[in-house]
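A.B. asks: Mind folding the following:
(one chain, ligands or ions: 3)
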Amino acid sequence: MLVTGNDILVPARAGKYGVGSFNTNNMEITQAIIHTAERLRSPVMVQMSEGAIKYGGQDLANIVIDLAERATVPVALHLDHGSSYESALKAIKMGFTSVMIDASHHQFAENIQETRRVVEAAHAMGISVEAELGRLGGIEEHIVVDEKDAFLTDPEEAVQFVEQTGTDYLAIAIGTSHGAYKGKGRPFIDHERIEKIEKLLSIPLVAHGSSGVPAEIVQRFRDCGGEIGDAFGIADEDLQRATQHGIAKVNVDTDLRLAMTVGVREILKNSPKEFDPRKIMGPAREVMSKIVEHKLGVLGSVGKA
Ligand SMILES: O=C(COP(=O)(O)O)N(O)CCCCOP(=O)(O)O
Ligand code: NA
Ligand SMILES: [Zn+2]
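C.D. replies: Ligands and ions are numbered 1, 2, ... in the order given. Have a look, this model is predicted:
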């Protein structure tokens, strides 16, 4: 069933498990996410960035909404990294049941102002809101935040921010970053910071940049002609620990991008005569489903629906 982000995340924080919030850009990615969540009796969030909305529009949103409505587990459709009040409202008009307003690149006061506007409008329409305080490293398509400007979330500021905005859940900067290159070996996660914020805030916390970038997928990507550098993601143990301390929503995009591309590349390389789209996208869907299954296991949401 299609529900709001709060319907999924409030129980997750209380139950000390994480809920995967997976980015989608087409039908097969959406099916891999929702069908795997149903098979494992797990709540799940499907998210579309503004880039995905530009790419797939209402067509793609409708695929997500229809699968979510027919799903036997709770599913929310979430706007990822909404960049403005207008963007958030447009998403709600498109049928999104959760919206992020990411004003984290503004000064504190502007972030509060912009976030509060979205919260008031979204709440008037029964939609829940994610906001962000602190800056991730990594590349967000339109924002390149290089290391020196990336700053982690201040716990006391987070309390003020939530009080003054009314946001339903909060994305905090704790060392993660977007993309396949999160740091050498085992990227640093500031668990002390998470645990400080956990004690000060009772709302669900959100971890962005939480792809694991599994070595096996990276190797398969290289073996079928993909070019990728020294790619590392967030260790499963770090994610598990974070979900025990307030992190309830965990954003994953890169892992599904790599998985889909591995699936397609392996077919094109090993079956050069193949040109049936179902034989090319079908196996890619399988590779993605396995990644979703692993992640839901790591987050502890299996059987929670
Ligand atoms: O936190 C994450 C995912 O982090 P990850 O890279 O670790 O999967 N996200 O919020 C996904 C961001 C994807 C935006 O990309 P486009 O604008 O190109 O659609
Ligand atoms: Na988000
Ligand atoms: Zn993000």
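A.B. asks: Counting by contacts, list what the helix or strand encompassing residue 279 packs against.
C.D. replies: Secondary-structure element containing residue 279, defined by DSSP states H and E: helix 277-299. Helix 277-299 sits against strand 19-23, helix 27-39, helix 236-243, strand 247-252, helix 254-270, with contacts defined as 3 or more CB pairs under 8 Å, 6 or more residues apart in numbering; DSSP states H and E. All C-beta spots, glycine's among them, are computed from the backbone N, C-alpha and C.
A.B. asks: will you turn these into TSV that also has distance to ligand 1?
C.D. replies: Putting those into TSV (distance: least, CB to the nearest ligand atom, whole Å) gives the following:
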stretch	distance to ligand 1
strand 19-23	5
helix 27-39	12
helix 236-243	11
strand 247-252	3
helix 254-270	4
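A.B. asks: Out of the ones you listed, flag the one nearest residue 118.
C.D. replies: With CB to CB as the measure, strand 247-252 is the member of the helices and strands packed on helix 277-299 nearest residue 118 (16.9 Å).
A.B. asks: so that closest one versus helix 236-243, what angle?
C.D. replies: Following axes from the mean of the first three to the mean of the last three CA atoms, to 10 degrees, one obtains 140 degrees for the angle between strand 247-252 and helix 236-243.
A.B. asks: Surely residue 188 and residue 175 touch.
C.D. replies: Yes: the criterion here is CB atoms under 8 Å, and residue 188 meets it with residue 175 at 4.7 Å.
A.B. asks: Those two: which has the busier surroundings?
C.D. replies: Neighbours were counted for residue 188 and for residue 175 using other CB atoms under 10 Å; residue 175 has more, 21 against 13.
A.B. asks: who touches the more buried one in this structure?
C.D. replies: Applying CB atoms under 8 Å, 6 or more residues apart in numbering to residue 175 gives the contacts 152, 187-190.
A.B. asks: For PyMOL, write the select line for the buried members of the residues you listed.
C.D. replies: This is the PyMOL syntax for the buried subset of the contacts of residue 175, where burial follows 16 or more other CB atoms under 10 Å:
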select buried, resi 187+189+190
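A.B. asks: Next, give me the two most distant ones among the contacts of residue 175.
C.D. replies: Between any two of these (CB to CB), the greatest distance is 13.1 Å, for 152 and 187.
A.B. asks: Identify the residues contacting the helix holding residue 279?
C.D. replies: 17-20, 22, 28-29, 31-33, 35-37, 39-40, 42, 44, 212, 214, 217, 236, 239-240, 243, 250, 252, 255-256, 259-264, 266-268, 271, 274, 302.
A.B. asks: Please identify the buried residues of the longest strand belonging to the chain?
C.D. replies: When the chain is parsed with DSSP state E, its longest strand is strand 75-82. Buried residues in strand 75-82, defined by neighbour count with 16+ other CB under 10 Å: 75-82.
A.B. asks: Of these, which is the nearest to residue 183?
C.D. replies: The shortest gap between residue 183 and any of the buried residues of strand 75-82 belongs to residue 81, at 21.1 Å (CB to CB).
A.B. asks: Which residue is the nearest non-sequential neighbour of the closest one?
C.D. replies: Residue nearest to residue 81 in three dimensions, not counting chain neighbours: residue 102, with 4.6 Å by CB to CB, 6 or more residues apart in numbering.
A.B. asks: what number of residues lie near the one you found?
C.D. replies: Counted by other CB under 10 Å, the residues lying close to residue 102 total 26.
A.B. asks: Stretch 185-205: end-to-end distance?
C.D. replies: 25 Å (CA to CA, to the nearest Å).
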